[in-house]
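Undergrad: Provide a 3D model corresponding to the input given below.
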Amino acid sequence: MSDETSNSGGEFEREPVPDSALMGSGKFWGMYAGEHAAGTEFMIGPLFLATGASLQDLLLGLLLGNVLAVLTWRFLVTPIAIAKRMTLYYQLERIAGGSLVKLYNVINGLLFCFLAGAMVTVSASAVGVPFGITFDVPEAMFGLSNGSFTALVAIVGVVIAVVAAGGYDRVAHFANIAAPWMIGVFAACGIVSLGLMGATTSASLTEGKFWTDAIAFVQEKNGPQTFGFWQIVVFAWLCNGAMHFGMADLSIFRFARSKASGWAPAIGMFLGHYMAWIAAALLMAALIKLQPELALGSDGKVSANPGLLAFQSVGWTGIICVVIAGWTTANPTIYRAGLAFQGVIPGSSRTAMTLVAGAIATIAGAFPNLSAQLLGFVGTYGTVLGPMGAIIFVDFYFMKRFGLRDEYAAHNKIAINAAVLIAWLLPVAIGIYMIFAQGLFAAYAVLPCWIASGVIYLLLSKVMQKNDTTSVVS
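TA: Have a look, this model is predicted:
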């Protein structure tokens, strides 16, 4: 259904999708259910508790943030996807130029690999439970865990990479079959965790002592942290910023028969990014209440071990769910990274590039601190890739209105559109500086960088096309 199915027929990678290939809404609801109720949820949920988010802020903040995310997909991405019916990469190539898109593909592919690496860590955490292999999160960002866990990551990473190299269709088919079962297990984890903590009455749920006790334990061991209501809202809205604000899902919705398909992300947001995140956070709260020693790493700090959390709640079913959840996220992510790398070297083999992506993801998975930084990573990911979506948005809605040539690179046959290059990299550089040098919460940078890129692109295009009579649209 997406351009990731490579060079096989019927993908229309360099042409608009014809009416004969359009799909009904059901296809999209199934895909988003599988894509967003997956391995990342086991890592992100406990991180909310670990950073001190109150239960009320979590419930209400995730509700508002996920509504905003669904609206962004529906009203920002879907109209352009249906009007153009082109992949993200082909639209960018026509606007920005082939060479600039190659740079974008390298960065996109590497970020995909780091995300997949976190999922390799998640799956390995579950595989290690029956063998008594656990992992510690070292202080250093690129510090290794113990040797046994590192070896386990290597084995799991190789298996995932080989399967991903076998083809996207096989992976996607497996994910769609597994999604309903995984969603059921997520729900069971949350319900069982509440039961284990004795939070089974309306009074106990309203009081939320089980939650405040868990936060107090984490704050004592890890030091005080805060994660307020608006941080939760912005994170839930923009953690997939690369997909909606960044327009990556143009490649998905170009096959939509009607704009109604644009509501499909709702199932992923509210089953995955709402129910599953909360359920995973409850797993951590239950472990802290019942067996607090198991929540501590060798450094005496609380860390989320997805496999152990699920096993303590629902036993072997939880182990299998974590393995499959990590698997169904890592496989397509590695596959997409391989395609991005293949776009940089067009003559290369898709299989070879997928294996390269798998190797990078496996190396990333060996550093547990990367997965522990997911709250920041997904915001950074959106900050880097999101602004390209603003350029597509401006090119579609505003260029002709201002008498400017849209799809400038294709019209003028240039490899790099300087207006796009500057409009992309300048706001991103400032955003990255604010995140890493000034400590800005990463998700806060996504929207300002997006707006700045769009404005800069429009202004620079006005200047650059002023004396180019071939580019002026009457």
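
Undergrad: Can you pull the poorly scored residue ranges out of the stretch 301-450 of the chain?
TA: Within the stretch 301-450 of the chain, the set of residues satisfying pLDDT under 70 is empty.

Undergrad: what about 80?
TA: Across the stretch 301-450 of the chain, residues meeting the criterion (pLDDT under 80) sit at 301-306, 312-313, 323-333, 335-336, 339, 343, 346-347, 350, 370-372, 374-375.

Undergrad: wouldn't Val428 be in contact with Pro387 here?
TA: Yes - Val428 lies in contact with Pro387 (C-beta atoms under 8 Å); the separation is 6.0 Å. The C-beta positions use only the backbone N, C-alpha and C, and glycine is treated the same way.

Undergrad: Overlap of the contact sets of the two?
TA: 449, 453 (C-beta atoms under 8 Å, 6 or more residues apart in numbering).

Undergrad: between these two, who's got more neighbours?
TA: Pro387 (30 against 22; other C-beta atoms under 10 Å).

Undergrad: give me phi/psi at the more buried one?
TA: With angles defined as degrees, to the nearest 10, Pro387 sits at phi -60, psi -30.

Undergrad: Now do the helices for the stretch 301-450 of the chain: every range, in order, please.
TA: For the stretch 301-450 of the chain, applying DSSP state H, counting those that start in this stretch gives helices covering 306-314, 316-344, 350-365, 368-372, 374-397, 408-412, 418-436, 446-464.

Undergrad: what about the ones you listed, which gets the closest to Ala33?
TA: When those are compared by C-beta to C-beta, helix 316-344 sits nearest Ala33, at 11.1 Å.

Undergrad: Now do the closest one: which elements does it pack against?
TA: For helix 316-344, the contact count by 3 or more C-beta pairs under 8 Å, 6 or more residues apart in numbering; DSSP states H and E identifies helix 25-36, helix 39-50, helix 98-128, helix 147-165, helix 168-196, helix 306-314, helix 350-365 as packing neighbours.

Undergrad: Mean neighbour count and distance to Thr333 added to those helices, as a markdown table?
TA: Below are the helices and strands packed on helix 316-344 laid out as a markdown table (neighbours: other C-beta atoms under 10 Å; distance: least, C-beta to C-beta, whole Å):
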| stretch | mean neighbour count | distance to Thr333 |
| --- | --- | --- |
| helix 25-36 | 20 | 10 |
| helix 39-50 | 27 | 10 |
| helix 98-128 | 24 | 4 |
| helix 147-165 | 20 | 8 |
| helix 168-196 | 19 | 10 |
| helix 306-314 | 26 | 17 |
| helix 350-365 | 22 | 8 |
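
Undergrad: Correct me if wrong: Gly208 contacts Leu55.
TA: Yes - between Gly208 and Leu55 there is a contact at 4.6 Å, judged by C-beta under 8 Å.

Undergrad: Between those two, which has more neighbouring residues?
TA: Leu55 (22 against 17).

Undergrad: Ala214 versus the more buried one, what's the distance?
TA: Per C-beta to C-beta, to the nearest Å, Leu55 is found 10 Å from Ala214.

Undergrad: circling back to that earlier point, now the helices and strands packed on helix 316-344 as JSON lines including distance to Asn417?
TA: JSON lines is the format used below for the helices and strands packed on helix 316-344 (distance: least, C-beta to C-beta, whole Å):
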{"stretch": "helix 25-36", "distance to Asn417": "31"}
{"stretch": "helix 39-50", "distance to Asn417": "34"}
{"stretch": "helix 98-128", "distance to Asn417": "7"}
{"stretch": "helix 147-165", "distance to Asn417": "33"}
{"stretch": "helix 168-196", "distance to Asn417": "30"}
{"stretch": "helix 306-314", "distance to Asn417": "43"}
{"stretch": "helix 350-365", "distance to Asn417": "26"}
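
Undergrad: which one of those has the lowest average pLDDT?
TA: Looking at the helices and strands packed on helix 316-344, the lowest mean pLDDT belongs to helix 168-196 (a mean of 75).

Undergrad: before we move on, back to that, looking at the helices of the stretch 301-450 of the chain, which is nearest to Val162?
TA: Val162 lies closest, by C-beta to C-beta, to one member of these: helix 350-365, at 7.5 Å.

Undergrad: still on that earlier bit, overlap of the contact sets of Leu55 and Ala214?
TA: Common neighbours of Leu55 and Ala214 (C-beta under 8 Å, 6+ apart) do not exist.

Undergrad: Throw the helices of the stretch 301-450 of the chain into a markdown table and include distance to Gly24, thanks.
TA: Below are the helices of the stretch 301-450 of the chain laid out as a markdown table (distance: least, C-beta to C-beta, whole Å):
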| stretch | distance to Gly24 |
| --- | --- |
| helix 306-314 | 35 |
| helix 316-344 | 22 |
| helix 350-365 | 29 |
| helix 368-372 | 36 |
| helix 374-397 | 25 |
| helix 408-412 | 31 |
| helix 418-436 | 35 |
| helix 446-464 | 31 |
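
Undergrad: so which of the ones you listed gets nearest Asp299?
TA: helix 368-372 (11.6 Å).

Undergrad: what residues does the closest one touch?
TA: Contacts of helix 368-372 (C-beta under 8 Å, 6+ apart): 43, 47, 114, 117-118, 121-122, 135-143, 145, 149, 303-304, 364-365, 377.

Undergrad: how far does that helix sit from the chain's center?
TA: Counting by C-alpha atoms, centre = their mean, to the nearest Å, helix 368-372 is centred 15 Å from the centre of its parent chain.

Undergrad: ok, now stretch 375-384?
TA: Using C-alpha atoms, centre = their mean, the mean C-alpha position of stretch 375-384 is found 9 Å from that of the whole chain.

Undergrad: ok, residues contacting that stretch?
TA: 44, 47, 51, 107, 111, 114-115, 118, 235, 238-242, 245-246, 370, 428, 431-432, 435, 441-446, 449.

Undergrad: centre of the chain versus stretch 98-110, how much separation?
TA: Chain-centre distance of stretch 98-110: 18 Å, with C-alpha atoms, centre = their mean.

Undergrad: should've said stretch 45-54
TA: For stretch 45-54 - counting by C-alpha atoms, centre = their mean - the centre lies 19 Å from the chain centre.

Undergrad: Let me see the contact set for Tyr32.
TA: Contacts of Tyr32 (C-beta under 8 Å, 6+ apart): 264-268.

Undergrad: I'd like those as TSV, with distance to Arg94 and pLDDT appended.
TA: Below are those laid out as TSV (distance: C-beta to C-beta, whole Å; pLDDT from 0 to 100):
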residue	distance to Arg94	pLDDT
Ala264	26	92
Pro265	26	93
Ala266	31	95
Ile267	32	91
Gly268	29	89
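
Undergrad: Narrow these to those in helices?
TA: Those of those mapping onto helices are 265-268, per DSSP state H.

Undergrad: quick revisit: so which of the helices and strands packed on helix 316-344 gets nearest Pro332?
TA: helix 168-196 (5.5 Å).
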